[in-house]
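Engineer: Give the three-dimensional model of this entry:
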Amino acid sequence: MAEAKRPLRARLTESNLFLLTAVVGIVVGGALWFSGNRDAAGTAWAITTAIGLIPITRDVVGGILRREAGVDLIAVLAMAGALAFGESLAGAVIALMLSSGRSLEDFADGRAHRELSALLARAPRTANRYVDGTLEQVPVEALRPGDRLLVRPGEVVPVDGVLVSGRAVLDESALTGESRPVEREQGDAIRSGGVNAGDSFDLRAIATSEGSTYAGIVRLVEEAGRQKAPFVRMADRYALIFIPVTLVIAGGAWLVTGDPVRALAVLVVATPCPLILAAPIAIVAGISQAARRGIIVRSEEHTSELQSRFGISYAVF
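Structural biologist: This is a model prediction of the structure:
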């Protein structure tokens, strides 16, 4: 669904508020209907529809101003038509469908954001560097190839380097998905992002922090968070075709039957938000579970880049 990027907490609060309003409106309207007060029931459902129109209309107008076609326009027309033709229950049901979908999407987005934030938080901020035989703690941005570093137990390797003392035992699950610690001997290459699971060891830096493996993963994760799912892009791409076709069919139904409610029925059936939301929710939930296990999920177009640059095994959905 086309929506301008706003703070996640604000979006989640708003979507939950509109969902609660839709549920309460439909329940209250249903109670009034079965108690015999049908006019009041229609009013309750109409109010629910009107309130549900607020966020979706804002997003559709924003998309039009950004010259982005969106299939949410069908939902707006269906809800507005429901109000115009007295089919308030249909409009309220669409409002419930949209608000519940938005709440699920924002919930999944929030969970994935927390897991990805935890993954990014693993990136080290400082490192222990030898200077004239003594140790000093410096920002990782200050490290340069050739620096000799000390990596203590439990610390994350800050930059790519070569082991120059003894043996190292590393937890590289965040890089390779391998849960068992691996051992490295003197002279072996060590990639940033691994966790020292053994004794302290010395490392000779061979890259800056920005050019190291883990920094590359962080950039890919941040980029992934800014991109739409391919399924959403596809829906937006075909909106210019889907919307006119839907309007033509709705208009044809009205002309043939002479009943505007038939046109409304076409718009209601054509409202595609559940289909569009299904794929992003599944993808975001999958990313959340993968991130919790230290797996970066990217689209296929980046598979060869990550494998060739970093030699990392990872999942592609």
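Engineer: quick one: contacts of stretch 87-99?
Structural biologist: 15, 18-19, 21-23, 25-26, 29, 42-43, 45-46, 48-49, 51-53, 56, 75, 78-79, 81-83, 261, 264, 268, 271, 273-274 (CB atoms under 8 Å, 6 or more residues apart in numbering). (Each C-beta comes from the backbone N, C-alpha and C, glycine too.)
Engineer: Run the chain-centre distance for that stretch.
Structural biologist: Computed by CA atoms, centre = their mean, to the nearest Å, the chain-centroid distance of stretch 87-99 equals 26 Å.
Engineer: Show me what the mean pLDDT comes to for it.
Structural biologist: The predicted model gives stretch 87-99 an average pLDDT of 86.
Engineer: Secondary structure element for Leu20, which one?
Structural biologist: In this structure, Leu20 is located in helix 8-34 according to DSSP states H and E.
Engineer: What is that helix packed up against?
Structural biologist: If you count contacts as 3 or more CB pairs under 8 Å, 6 or more residues apart in numbering; DSSP states H and E, helix 8-34 packs onto helix 38-65, helix 88-121.
Engineer: With distance to Phe242 and mean neighbour count as extra columns, can I get the ones you listed in a markdown table?
Structural biologist: What follows is the helices and strands packed on helix 8-34, written out as a markdown table (distance: least, CB to CB, whole Å; neighbours: other CB atoms under 10 Å):
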| stretch | distance to Phe242 | mean neighbour count |
| --- | --- | --- |
| helix 38-65 | 14 | 18 |
| helix 88-121 | 17 | 20 |
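Engineer: Using TSV, lay out these together with distance to Gly154.
Structural biologist: Listed next are the helices and strands packed on helix 8-34 as TSV, based on distance: least, CB to CB, whole Å:
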stretch	distance to Gly154
helix 38-65	46
helix 88-121	15
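Engineer: relative to helix 88-121, how tilted is the helix holding Leu20?
Structural biologist: With axes from the mean of the first three to the mean of the last three CA atoms, to 10 degrees applied, the angle from helix 8-34 to helix 88-121 works out at 160 degrees.
Engineer: buried ones in helix 8-34?
Structural biologist: Within helix 8-34, the residues that count as buried by 16 or more other CB atoms under 10 Å are 11-12, 14-15, 18-19, 21-23, 25-26, 28-29, 32-33.
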